[in-house]
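Trainee: Test case, fold it:
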Amino acid sequence: MLELVLWDIDHTLMATGGLGRELWGQAFEEVTGVALREQAPVTGSTERVILRETARLHDVPYDDELFAAFAEALSAVHVRRAAELRERGHALPGAATLLAELAARGVRQSVVTGNVRGAAEVKLQTFGLDSCLELGEGAYGEDGEDRPGLIRTALARAFVAPGSAVFLGDTPADMDGGRQAEVRVVGVATGRTSADALREAGADEVLEDLSDTDRALAAIGA
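Mentor: So this is what the prediction gives:
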């Protein structure tokens, strides 16, 4: 029986119109005093890993204190620039409707994301996607370095067994993470990865997008 749906955020529920990198770079410079020249790969990664690898590229020493300061700065810059985020980004087609329909059916929902929690909450609130989500049961960039660990953290917080949960994401790392955590995985081909590539990465079901609510509900198993 389905008890919990876990959502990736970026490129699964929303798009930020390219603003995300700008905000990341602003926070990086605020906490390191170094202008961002190059960012480590972000797709399927977590903020902790991205910051550590980006700091290395800039010869900046990394430790937990730097990450804590960066998480605070990144959350704050999202708050300050939320209006710009609303102008440049958007919820992906069908996302709000699907979240609402799952909630109406009594299905608990939360998020598993590499974003730090403060930034994730601003994004979800900005695009009106937060009201159907139990954000306290999610897992965020502060909670670990890889998708399997984050999914397991969310399951533990929600007191849900892997067999009763579904995870939706848009990257091969999402698919692999879900399988390692032993939850059902649904690929959503609204990011940079094709539907075929998501299937090859191990998705149990693949959606081209979330615009067909009935199709999405069937894929989720609700």
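
Trainee: make it CA atoms for all contacts and neighbour counts henceforth
Mentor: Will do.

Trainee: Outline the domain layout of this protein.
Mentor: With domains defined by automatic domain parsing, the chain comprises 4-15+90-220, 19-86.

Trainee: what's the most buried one of those?
Mentor: Compared across these, domain 4-15+90-220 shows the largest average neighbour count, a mean of 20 (mean count of other CA atoms under 10 Å).

Trainee: same question for that domain, mean pLDDT?
Mentor: Across domain 4-15+90-220, pLDDT averages out at 96.

Trainee: Would you pull up how far it lies from the middle of the chain?
Mentor: From the chain centre to the centre of domain 4-15+90-220 is a distance of 7 Å (CA atoms, centre = their mean, to the nearest Å).

Trainee: okay, how far is it across that domain, tip to tip?
Mentor: 10 Å (CA to CA, to the nearest Å).

Trainee: begin at 34 from here
Mentor: New numbering, starting at 34: the last item is domain 37-48+123-253.

Trainee: wait, residue 186 sits on residue 172?
Mentor: Yes: with contact defined as CA atoms under 8 Å, residue 186 reaches residue 172; the gap is 6.2 Å.

Trainee: Pull the residues that contact the helix or strand hosting residue 154.
Mentor: Per DSSP states H and E: residue 154 is located in helix 150-159. Contact partners of helix 150-159, identified using CA atoms under 8 Å, 6 or more residues apart in numbering, comprise 42, 104-105, 107-109, 111-112, 115-116, 118-119, 146, 163, 168, 173-175.

Trainee: which residue packs closest to residue 213, ignoring adjacent ones?
Mentor: Once flanking residues are discounted, residue 213 sits nearest to residue 181: 5.8 Å by CA to CA, 6 or more residues apart in numbering.
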